[in-house]
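Undergrad: predicted structure and sequence below. I'll ask about it afterward.
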Amino acid sequence: MLRLLRTTSFRFTLIYVLLFACAVGLLGAFVYRATFGAASRQTDATIEGEINVLAELFGTSGPGQLTRAIRQRTSWRDDSIYMLIGAPSGAVLAGNLTALPPEALTAEGDFFNFEFERPLLDVDNREIGVELRRARGKVVRFRASPEADQSYLVVVARDIAAREFLRERLANVILRVSLVTIAFGVVIGLVFSRSLLRRVEIVSKTARAIRAGDLSQRTDRKSTRLN
């Protein structure tokens, strides 16, 4: 086995396989970035746009209209997630998020990922349990003026569980394809090296016999042919 690993043919085969595996990995990374990277940027842009709309609504119509707008949005059956908290009381005024994510406490003004519980509904729209989902959001604080004591903490997020599931599946597929490519190349390299060593051994055996004085020895051209 050590002789096989030391052969030049095995080394060249291994180098070729590693280069091919790297090419597969780079292609997978490109596909990953072009799909899920773009989807992630689109999610952030959607959240940012929604926050801008709510901020403008708060600035022109006040907290009452903001509360009504969030209640209306939470009635839609989509991936939107909202939470409106009145500060300093901490009262939840509107939203479909049951609890403020711990990640939001240190991410004010920044995007953050978190997990939340969503009710599971049957065909009759009755709750039959809860499921843990993943989301990405942003939390901002609205004030009527910089000096105002009353403020409103707004969380706007999107459910990204389905996207994250597909992202993890794609990453696993890319990894498995790369590993299978390397393993297959190693096997091919070992088979080719074994065949080459067998031909070299035939030539060496014949040469030793000729050196020993047996001039009748000849090599079989078919057994030593490389292609």
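TA: Received the coordinates, thanks.

Undergrad: strands of this structure, residue ranges please.
TA: 80-87, 91-95, 111-121, 127-143, 151-159 (DSSP state E).

Undergrad: would you list the strands that the last one pairs with, along with their directions?
TA: This points to strand 151-159. strand 80-87 (antiparallel), strand 127-143 (antiparallel) (DSSP bridges).

Undergrad: between the strands of the chain, which one is nearest to residue 54?
TA: strand 151-159 (6.1 Å; CB to CB). All C-beta atoms are positioned from the backbone trio N, CA, C, and that covers glycine.

Undergrad: dump the C-alpha coordinates for the closest one into PDB.
TA: In PDB, the C-alpha atoms belonging to strand 151-159 read as follows (Å, rounded to 0.1, in the frame of the first residue of the first chain):
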ATOM      1  CA  SER A 151     -41.100  55.800  23.500                       C
ATOM      2  CA  TYR A 152     -42.200  52.900  21.500                       C
ATOM      3  CA  LEU A 153     -40.000  49.800  20.800                       C
ATOM      4  CA  VAL A 154     -40.800  48.300  17.400                       C
ATOM      5  CA  VAL A 155     -39.600  44.900  16.200                       C
ATOM      6  CA  VAL A 156     -40.000  44.100  12.500                       C
ATOM      7  CA  ALA A 157     -38.900  40.600  11.300                       C
ATOM      8  CA  ARG A 158     -39.400  38.000   8.700                       C
ATOM      9  CA  ASP A 159     -39.800  34.200   9.100                       C
END
